[in-house]
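[1] This is the structure alone, sequence omitted:
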Ligand code: C2E
Ligand code: MG
Ligand code: MG
């Protein structure tokens, strides 16, 4: 049954139309003004909208504009229904993107005919579009989930395998105390010792051949039910079946070591290699795969530091690290009141015009003794202890104020993008805070963009969608940051109303030589454009990368090639100089 939304302020007309449509078996929603109409459209995602032009609160043109701004409602067929009948109105409506324009009074047949035609046309378009989208998605998945050097599943597949194995683990533990107390899932991180030296000797091609051979031997020596994936470079991750005794890990590792103990013969040369391994255990060392992998990697790095060719279990943070962290946390508590934070701005450049069209605000902390501390280091701490809320609010306020300043100084209409942390995003009063900040700084919401990461959004999808909708209703834009690193598919993310996709630098790196990165980036841009999203490539460092992004019709770029993040003064000077 098709869903139709009727937006009309005159009760009598609205009731008549609703009655007529219900008699034709449509599911009908109705709204008595434009504002309610927009809300209902977001909520129910109708298949078609009939909308009056002149209405209180928000007129028909306003409704259409609001719907077009949101990717989830932008393509819903829209028919104006109005008593205004001159040619100027008609042209205005069609130019704005309405699908049809019916003047009241009209006959029931006339109205139904227009509806049926629009619904059929839309259904055809939708079918074609979803076919294209499916094709692009399956290609992307293949690229994203398989590593082409080793033909092993890659890092992104790991999450899915881990979920499967964790499921096995829960079934084993359900009614079994032994499993509950002693069961574990080992995650191994393996690295080829001194691989960069081997690469220097054999060249990159030789190095790739070696990795391929290593991958094959490792895979073949692994008992079935255990999984090996390629992480990056010379690193592999092995996910073992749930076990009860650590001894079993040792047996697997011995098997892997044996498999690579015979020399590899490459281009008439024999190469001997050794492996280092780090092990983390679920559930004691972490709940999610990212955390476990980090632990396993840390353990592997310690083995390598001690000469390699061995394995070691992850142990929790050393005392030294812990005390450094506590010092940092204390200093962070005073940083706001002592005015130690500063915002840097990194320009975002349109590839069509070559102009700076916006900037990403990046937080800097000048520690009184330690100097500049990277946000990568202090933001996770602030996230954990809640300080991110006041700090994040300061960032938003400062960024809005600076962006307003750019317009007052005639530097142009530059948008400012602000990174939002998980804790900030989940706060129910975020919208209220934003309204206060926009009002007090005088910054117009169209110039504010919020950057969120995909992993943050999928934590609680329903809640995120609601929160995003309420933020978007303020008129600001939403960007997904670091896309591709958070393990989710674009097709899934389609459910979330956002406007901009930022492709992570790991895909931009070496686009000209890395064929896989090029294929992924190309598909991502294609899909994003199919979904009406704008694309920004992050971390562009070289001209060849830029050239390829241009060829793929990427919309905007950001990166050291154009400019590093700059302090406010330098950023403004750069914009003024217009280079
Ligand atoms: P991000 O949002 O993905 O920001 C991009 C990071 O890439 C920035 O690092 C930027 O300096 C760096 N970058 C830009 N161009 C290039 C390039 O061409 N090559 C390379 N190698 N790197 C480039 P930065 O400033 O250290 O920020 C790191 C992360 O810290 C940000 O990643 C963001 O997640 C977080 N962050 C920064 N400021 C804030 C903030 O105000 N609030 C929150 N919640 N997070 C922030
Ligand atoms: Mg960002
Ligand atoms: Mg990013």
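    Sure, I can see it. Not measured: the values here are computed from a predicted model. Ligands and ions are numbered 1, 2, ... in the order given.
[2] contacting residues around stretch 372-392?
    325, 328-329, 332-333, 335-336, 341, 362-367, 420-424, 427 (C-beta atoms under 8 Å, 6 or more residues apart in numbering). Yep, even glycine has a C-beta here, placed from its N, CA and C like the rest.
[3] When you filter those residues down to buried only, what's left?
    328, 332, 335, 341, 362, 363, 365, 420, 421, 423, 424 (16 or more other C-beta atoms under 10 Å).
[4] Identify each buried residue in stretch 467-480, please.
    Under 16+ other C-beta under 10 Å, the buried positions of stretch 467-480 are 467, 468, 469, 471, 472, 473, 476, 477, 478, 479, 480.
[5] Quickly check those for the two that are furthest apart.
    473 and 480 (18.6 Å; C-beta to C-beta).
[6] average pLDDT for stretch 49-67?
    Stretch 49-67 shows a mean pLDDT of 91.
[7] ok, now how distant is the residue in the stretch 101-250 of the chain positioned nearest to ligand 1 from ligand 3?
    Across the stretch 101-250 of the chain, the shortest distance to ligand 1 (C-beta to the nearest ligand atom) belongs to residue 232, at 15.5 Å. From residue 232 across to ligand 3, the span is 18 Å (C-beta to the ion, to the nearest Å).
[8] That residue contacts residue 155, doesn't it?
    Yes: shown here, residue 232 and residue 155 form a contact pair, counting by C-beta atoms under 8 Å, at 7.1 Å.
[9] ok, those two, which is more surrounded?
    Neighbour tally, residue 232 and residue 155, criterion other C-beta atoms under 10 Å: the higher count belongs to residue 155, 19 against 11.
[10] My guess is that one contacts residue 235. True?
    No: counting by C-beta under 8 Å, residue 155 stays clear of residue 235, with 9.3 Å between them.
[11] chain center to the lengthiest helix in the chain, what's the gap?
    Assignment by DSSP state H gives helix 108-145 as the longest helix of the chain. Distance of helix 108-145 from its chain centroid, counting by C-alpha atoms, centre = their mean, to the nearest Å, is 24 Å.
[12] Residue 358 in helix, strand or coil?
    strand (DSSP: H, G, I helix; E, B strand; the rest coil).
[13] That one and ligand 3, how far apart?
    Residue 358 is 14 Å from ligand 3, by C-beta to the ion.
[14] The closest residue to residue 538 other than its chain neighbours: how many residues sit nearby?
    Nearest residue to residue 538 in three dimensions, chain neighbours excluded: residue 505, at 4.9 Å (C-beta to C-beta, 6 or more residues apart in numbering). Using other C-beta under 10 Å, residue 505 is surrounded by 19 other residues.
[15] can you pull up the bridge partners for the closest residue to residue 219 other than its chain neighbours?
    With sequence-adjacent residues excluded and distances taken as C-beta to C-beta, 6+ apart, residue 219 is closest to residue 228, at 5.4 Å. According to DSSP bridges, the residues that bridge with residue 228 are residue 238.
[16] from what I can see residue 228 touches residue 215, true?
    Yes: using C-beta under 8 Å, residue 228 is in contact with residue 215, at 7.5 Å.
[17] okay, and the common contacts of the two?
    Shared contacts of residue 228 and residue 215 (C-beta under 8 Å, 6+ apart): 152, 236.
[18] mind listing what the nearest residue to residue 411 once chain neighbours are set aside touches?
    Spatially, and ignoring its direct neighbours in sequence, residue 411 is nearest to residue 575 (4.9 Å; C-beta to C-beta, 6+ apart). By C-beta under 8 Å, 6+ apart, residue 575 lies in contact with 347, 356, 406, 411, 412, 414.
[19] and if you look at residue 309?
    Applying C-beta under 8 Å, 6+ apart, one finds that residue 309 lies in contact with 193, 274, 275, 276.
[20] Tell me the helix or strand right after the lowest-mean-pLDDT helix or strand in the chain.
    Each helix and strand of the chain was given a mean pLDDT (mean pLDDT, DSSP states H and E); the minimum falls on helix 490-493 at a mean of 68. Once the chain leaves helix 490-493, the next helix or strand it forms, by DSSP states H and E, is strand 500-503.
[21] strands paired with that following strand, and their directions?
    Strand 500-503 is paired, per DSSP bridges, with strand 477-483 (parallel), strand 534-537 (parallel).
[22] Quickly note the distance from the residue in the stretch 251-400 of the chain positioned nearest to ligand 3 to ligand 1.
    The minimum distance from the stretch 251-400 of the chain to ligand 3, using C-beta to the ion, falls at residue 360 (8.1 Å). To ligand 1, residue 360 is 6 Å away according to C-beta to the nearest ligand atom, to the nearest Å.
[23] For the residue lying closest to that residue once chain neighbours are set aside, report the pLDDT, please.
    Leaving aside its chain neighbours, residue 360 sits nearest to residue 417 (4.4 Å; criterion: C-beta to C-beta, 6+ apart). Predicted confidence (pLDDT) for residue 417: 98.
[24] Please, which helix or strand holds residue 372?
    Taking DSSP H and E as the definition, residue 372 sits inside strand 371-373.
[25] Please say whether there is contact between that strand and ligand 1.
    No: figure legend: strand 371-373 not in contact with ligand 1 (C-beta under 6 Å from any ligand atom); closest approach 9.9 Å.
[26] in that strand, what counts as buried?
    Those buried within strand 371-373 under the rule 16+ other C-beta under 10 Å are residue 373.
[27] Might you report the residue contacts of residue 276?
    By C-beta under 8 Å, 6+ apart, the contact list for residue 276 reads 190, 191, 193, 300, 303, 304, 308, 309, 310, 311.
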